[in-house]
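J.: Here you go, sequence then predicted model.
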Amino acid sequence: MESLETKVISSGIRHTSLPRNYIRPQSERPKLSEVADCENVPVIDLGCGDRSLITKQIGDACREYGFFQVINHGLSKETIQKMLAVGHEFFSLPVEEKMKLYSDDPSKTMRLSTSFNVKKETVHNWRDYLRLHCYPLEKYVPEWPTIPSSFKDIASNYCMEVRQLGFRLQEVISESLGLDKESLKNVLGEQGQHMAVNYYPPCPEPELTYGLPAHTDPNALTILLQDSQVAGLQVLKDGKWLAIKPHPDAFVINIGDQLQALSNGKYKSIWHRAVVNAEKPRLSVASFLCPCDSAMIVSPKALTNDGSLSIYRDFTYEEYYKKFWSRNLDQEHCLELFKN
Ligand SMILES: O=C(O)CCC(=O)C(=O)O
């Protein structure tokens with residue numbers, strides 16, 4: 001029987017070979033030598049002072065790529081550095097300490113877990129993650145980790161600032177679709193917020209496995225803080241996997257499935273994945289803005305009254321989210337199941 005300690009991979013033990021249940025079949029491997037760097041990732045300067053330029057750049061990026069990076073985004077270097085540092089500190093804790101927070105139940109609002117959905121998947125992924133619900137903060141912070149002792153303060157400050165950035169982006173995204181700036185936010189309702197602090201320990205055989213296999217994000221908007229030193233994020237563009245090199249001052253912004261649905265397919269929720277490396281651990285912090293459970297996801301009329309039909313049937317976010325977690329990650333796009 002598996003002991004508790006072996007459930008997570010950030011156990012301090014350096015593996016010399018990849019355990020069998022992490023090895024992907026030949027056809028599903030990442031083929032790392034074939035992955036080129038993405039040379040023209042849109043990097044959008046939110047501090048440039050020209051709102052119509054920002055709106056155009058964001059609209060173009062959402063249509064063409066489904067993701068972009070932002071700089072001068074309003075979060076201070078200090079807020080970001082502290083979040084990364086406390087994430088590293090958490091994953092360096094003794095495994096017995098971390099295992100007190102372990103759960104493989106996706107419905108838990110605070111948990112340390114591993115891989116993606118251990119109860120559903122057949123092959124595991126080389127990732128541990130701390131997953132937290134973050135809104136409303138006063139409801140969820142009490143259940144967050146108490147060690148490191150600075151975790152709650154640092155992470156709650158980070159969450160509040162990221163939320164404001166997310167709302168600012170949703171307003172621009174709304175305008176870039178020709179809608180009123182509040183339009184998308186109004187459909188999304190009182191938005192939930194989740195955070196995944198992802199930790200990918202050095203992996204003995206990175207060619208054979210993933211940190212996270214290809215997936216799209218089921219929520220509305222994702223704000224990803226990548227490790228500033230260690231690369232690992234890759235996106236699928238025109239059928240090819242491309243690596244997103246870390247940009248020290250940028251967040252990576254992903255359009256999630258709900259914005260693809262609300263834009264009636266004009267904006268893309270792209271496939272992305274995280275690969276691992278043999279030398280260094282990698283940390284990323286993903287913040288997810290999620291529609292409220294009861295939000296009815298229906299494209300605003302302005303996006304369908306040009307004669308284009310609604311691609312997706314009406315659904316609530318609650319229905320979508322349940323469907324997403326009932327499946328494995330690397331299947332067809334979950335939105336395909338909601339087409340008219
Ligand atoms: O670690 C990364 O760069 C990607 C993380 C991610 O895609 C996720 O947490 O959903």
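T.: Right, received. Where do you want to start? Numbering: from 1, shown residues only.
J.: Return the residues of the stretch 51-200 of the chain in contact with the ligand.
T.: Along the stretch 51-200 of the chain, the residues adjacent to the ligand under the rule Cβ under 6 Å from any ligand atom are 196, 198. Every C-beta, even on glycine, is put in place using the N, C-alpha and C of the backbone.
J.: Which residue ranges of the stretch 51-200 of the chain form strands?
T.: With DSSP state E, counting those that start in this stretch as the criterion, the stretch 51-200 of the chain has strands at 67-71, 110-114, 128-133, 192-200.
J.: Give me the angle between the second one and strand 128-133.
T.: Regarding strand 110-114 and strand 128-133, their directions subtend 160 degrees when assessed with axes from the mean of the first three to the mean of the last three Cα atoms, to 10 degrees.
J.: neighbouring contacts of strand 110-114?
T.: By Cβ atoms under 8 Å, 6 or more residues apart in numbering, the list of residues contacting strand 110-114 from outside reads 7-9, 98-99, 101-105, 124, 127-133, 140, 143-144.
J.: ok, back up a step: output the strands of the stretch 51-200 of the chain in TSV, with distance to Lys322 and mean neighbour count appended to each entry.
T.: Output for these, formatted as TSV (distance: least, Cβ to Cβ, whole Å; neighbours: other Cβ atoms under 10 Å):
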stretch	distance to Lys322	mean neighbour count
strand 67-71	26	22
strand 110-114	18	20
strand 128-133	16	22
strand 192-200	14	23
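J.: Switch the ones you listed over to a markdown table; also include distance to Leu177 and mean pLDDT.
T.: Listed next are the strands of the stretch 51-200 of the chain as a markdown table, based on distance: least, Cβ to Cβ, whole Å; pLDDT from 0 to 100:
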| stretch | distance to Leu177 | mean pLDDT |
| --- | --- | --- |
| strand 67-71 | 15 | 97 |
| strand 110-114 | 35 | 97 |
| strand 128-133 | 29 | 98 |
| strand 192-200 | 22 | 98 |
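J.: Do any residues in stretch 239-250 lie close to the ligand?
T.: No. Interface with the ligand: stretch 239-250 contributes nothing (Cβ under 6 Å from any ligand atom), its closest point being 7.9 Å away.
J.: what comes up buried for that stretch?
T.: Within stretch 239-250, the residues that qualify as buried are 241-244, 246, 250, counting by 16 or more other Cβ atoms under 10 Å.
J.: pLDDT-wise, what's the bottom of those residues?
T.: Ranked by pLDDT, the buried residues of stretch 239-250 bottom out at Pro246, which scores 93.
J.: TSV please, covering the strands of the stretch 51-200 of the chain and showing distance to Leu236.
T.: Formatted as TSV, the strands of the stretch 51-200 of the chain follow (distance: least, Cβ to Cβ, whole Å):
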stretch	distance to Leu236
strand 67-71	10
strand 110-114	24
strand 128-133	22
strand 192-200	19
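J.: Out of those, the one nearest Lys237 is which?
T.: Each of the strands of the stretch 51-200 of the chain was scored for nearness to Lys237 using Cβ to Cβ, and the closest is strand 67-71 (9.3 Å).
J.: For stretch 91-109, output the C-alpha coordinates as CSV.
T.: Output in CSV follows, covering the C-alpha atoms of stretch 91-109 (Å, rounded to 0.1, in the frame of the first residue of the first chain):
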residue,chain,number,x,y,z
PHE,A,91,6.8,23.3,-0.7
SER,A,92,10.1,23.1,1.2
LEU,A,93,8.3,22.1,4.4
PRO,A,94,8.7,18.6,5.7
VAL,A,95,6.4,16.2,3.9
GLU,A,96,4.7,15.3,7.2
GLU,A,97,3.7,18.9,7.7
LYS,A,98,2.4,19.2,4.2
MET,A,99,0.5,16.0,4.3
LYS,A,100,-1.8,17.4,7.0
LEU,A,101,-3.4,19.4,4.2
TYR,A,102,-3.5,16.6,1.6
SER,A,103,-6.8,15.7,-0.2
ASP,A,104,-7.7,14.2,-3.5
ASP,A,105,-11.3,15.5,-3.3
PRO,A,106,-11.7,18.3,-5.9
SER,A,107,-14.7,19.7,-4.0
LYS,A,108,-12.5,20.8,-1.0
THR,A,109,-12.0,24.5,-0.8
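J.: what mean pLDDT would you report for that stretch?
T.: For stretch 91-109, the per-residue pLDDT values average out at 94.
J.: Give the buried residues for that stretch.
T.: Residues of stretch 91-109 classed as buried: 91, 93, 95, 98-99, 101-102, 106 (neighbour count, 16+ other Cβ under 10 Å).
J.: just stretch 46-57 next, same as before
T.: By 16+ other Cβ under 10 Å, the buried positions in stretch 46-57 come out as 46, 54-55, 57.
J.: Quick one: residues in contact with that stretch.
T.: The list of residues contacting stretch 46-57 from outside it, by Cβ under 8 Å, 6+ apart, reads 42, 44-45, 68, 70-74, 168, 172, 175-176.
J.: and what of stretch 325-332?
T.: Contacting residues not belonging to stretch 325-332 are listed as 28, 106, 116-117, 120-121, 212-215, 334 [Cβ under 8 Å, 6+ apart].
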